[in-house]
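*Asks:* Sequence and computational prediction follow.
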Amino acid sequence: MTDELRGLLRESAEAHLPDRARILARVGRGTAPRPRNRERVRVRVRALTWPKIALATLATAGTLTVSALMVVTTPHAPDPPRNPTAAAPSSVARPAAPVEGSRTENGPLWADGSVDPHSNTYWAQSNVTLKAREPLTSLVVELRIALTEGVRDTGSWRTRPAADFDLSARQEGGFLVYRWTLKPGRSVPSGEHVFAGQYDHAPGGRDAKDDTYRIDATAGAGAGAGAGAADGGASVWGGFA
């Protein structure tokens, strides 16, 4: 190759060198987003966003609807009874209170019925207190305890000597009946005397509203407990309410 040919080739190559400034300008124009492309991007974003928003809204509404239905349809358990510890009524028939009411004072007699303060939730003692203004030559004291649940005789006592009285304790007519009868030839001095019956009952206390007592007596030289007032006979009765 001659020197002349080499020079021609060099000149031709130099004439085809790339214009760096023009190339950079074209690259910049190619990478910049066109206005039409930007608008398409916005439209596409909106097209994708609204379905998602609609689906999210529907899902939320569905959740709220299901929750509301669950609240409405959830069965409500009945309220417990206000008093779950109250005892059931006793199955034992309770006799009615005496129709004759009460008479606590008559002639030489005065009487009162009371539940002893030492009674407790399982056991009780009912006291009949008698005040005699004159000596008594005959006397019958009867204490009637209604047969509520668990009532059972556990004993009795009196302030007068046991040898002066005949005592019976038995069930009759829906009652536990204690009866003290003064023996013939014995007497009861004037003053205060107590006759008491003792018994078990169902736990939890006991209502004595149906319990009663009665006392028949003769003062002085009367003919006996059944004698009339003119002969010194007198009777008193009452309850324990």
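*Replies:* Alright, I've got the coordinates. Everything numeric in this text was worked out from a predicted model, so none of it was measured. Numbers count the residues shown, from 1 in each chain.

*Asks:* what residues are up against residue 118?
*Replies:* residue 125 (Cβ atoms under 8 Å, 6 or more residues apart in numbering). Placement of C-beta: from N, CA and C, glycine included.

*Asks:* For residue 126, see how far away it is.
*Replies:* Distance, residue 118 to residue 126, by Cβ to Cβ, to the nearest Å: 12 Å.

*Asks:* cool, residue 170 as well?
*Replies:* Where residue 126 is concerned, residue 170 sits at a distance of 16 Å (Cβ to Cβ).

*Asks:* more neighbours, these two?
*Replies:* residue 126 (25 against 10; other Cβ atoms under 10 Å).

*Asks:* Nearest residue to that one in space, please, no chain neighbours.
*Replies:* Sequence neighbours aside, residue 197 is the residue nearest to residue 126 in space, at 5.3 Å (criterion: Cβ to Cβ, 6 or more residues apart in numbering).

*Asks:* For that neighbour, what is the enclosing helix or strand?
*Replies:* Residue 197 is located in strand 191-200, with elements delineated by DSSP states H and E.

*Asks:* contacting residues for residue 165?
*Replies:* Residue 165 makes contact with 158, 180, 181, 182, 183, 186, according to Cβ under 8 Å, 6+ apart.

*Asks:* Format those residues as TSV; extra columns: distance to residue 147.
*Replies:* Below are those laid out as TSV (distance: Cβ to Cβ, whole Å):
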residue	distance to residue 147
158	23
180	20
181	22
182	27
183	29
186	31
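
*Asks:* Quick check on these: which are buried?
*Replies:* Buried members of the contacts of residue 165, counted by 16 or more other Cβ atoms under 10 Å: 158, 180, 181, 182.

*Asks:* Against residue 153, how distant is the last one?
*Replies:* Think residue 182. Here residue 182 is placed at a distance of 21 Å from residue 153 (Cβ to Cβ).

*Asks:* ok and the host helix or strand of residue 112 relative to strand 191-200, angle-wise?
*Replies:* Assigned by DSSP H and E, residue 112 belongs to strand 109-115. Between the axes of strand 109-115 and strand 191-200, defined by axes from the mean of the first three to the mean of the last three Cα atoms, to 10 degrees, the angle is 30 degrees.

*Asks:* Tell me the helix or strand right after strand 109-115.
*Replies:* Going down the chain from strand 109-115, the next helix or strand is strand 123-132, by DSSP H and E.
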